[in-house]
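In: kindly generate the corresponding structure for this input.
(chains A and B)
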Amino acid sequence: EPEVTQTPSHQVTQMGQEVILRCVPISNHLYFYWYRQILGQKVEFLVSFYNNEISEKSEIFDDQFSVERPDGSNFTLKIRSTKLEDSAMYFCASSEAPWANTEAFFGQGTRLTVV
Amino acid sequence: DAKTTQPTSMDCAEGRAANLPCNHSTISGNEYVYWYRQIHSQGPQYIIHGLKNNETNEMASLIITEDRKSSTLILPHATLRDTAVYYCIVRLRNRDDKIIFGKGTRLHILP
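Out: As a prediction, this is how the structure comes out:
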């Protein structure tokens, strides 16, 4: 079964450093998403991406965040200057079509720890 | 906020059917009901979705009431591996991409 792959599985970074979280969506999927989950809390939407541009973003996705599809297979989330409160699991997801039309597949996540 | 209401937690004996309820009293005619689950901090996993007819796949069955204001996810023969948080989500078709996860139901399968 095809799957969404995320690397690394765990990233530790110092506060103020930049981090890039990487995702390889399923190959024929067109819609890509990032979510995060702070320990013990809900899964929160960050951003959706289609046709090389952001479709929608939440209030969490401020100027410190950016997304990119640099080479047609990878989908990355960059946090420019990490804060302690950015520590969370970050999930990438992809789907053939917008959410309500088809199912979305999630990766296993990257655990980001900011120290 | 999520448009659904689910119990915070439920228990079910291994081998029995697990019936997870969801209320979505404000659902509109073209909104779908989706179910996802999250096993211990893994990525959410799609289970099933439906509009108004009951649906069944290899994982579960989805029963939607005639007025569509509530639904039940049924795991027919629960195993320990079904222990997870189950999310009931209502979404419009052909609308924006954002999906909102609520707190879900934490299902404990008891040996």
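
In: what is the neighbour count of whichever residue of chain A sits closest to chain B?
Out: Of chain A, the residue with the smallest distance to chain B, taken as Cβ to the nearest Cβ, is A:Phe106 at 3.2 Å. (Glycine included, C-beta is placed from N, CA and C.) Here the count is done by other Cβ atoms under 10 Å in any protein chain shown, and A:Phe106 has 22 residues near it.

In: list the contacts of it.
Out: With contacts taken as Cβ atoms under 8 Å, 6 or more residues apart in numbering or on different chains, A:Phe106 has the following neighbours: A:Val4, A:Tyr35, A:Phe91, A:Cys92, A:Ala93, B:Gly43, B:Pro44, B:Gln45.

In: quick one: buried residues of the helix or strand harbouring A:Leu21?
Out: With elements delineated by DSSP states H and E, A:Leu21 resides in strand A:19-24, which encompasses its position. By neighbour count with 16 or more other Cβ atoms under 10 Å in any protein chain shown, strand A:19-24 contains the buried residues A:Val19, A:Leu21, A:Arg22, A:Cys23, A:Val24.

In: give me the most central residue, chain A.
Out: Against the mean C-alpha coordinate of chain A, by Cα atoms, centre = their mean, the closest residue is A:Trp34 at 3.1 Å.

In: need the pLDDT of the residue of chain A closest to chain B.
Out: Looking at A:Phe106, its pLDDT is 95.

In: and it, bridged to which residues?
Out: On DSSP bridges, the residues paired with A:Phe106 through beta bridges are A:Ala93.

In: what does B:Met10 give?
Out: In this structure, B:Met10 has the following beta-bridge partners (DSSP bridges): B:Leu107.

In: for it, what are its contacts?
Out: Applying Cβ under 8 Å, 6+ apart as the definition, the contact partners of B:Met10 turn out to be B:Ala18, B:Leu20, B:Thr105, B:Arg106, B:Leu107, B:His108.
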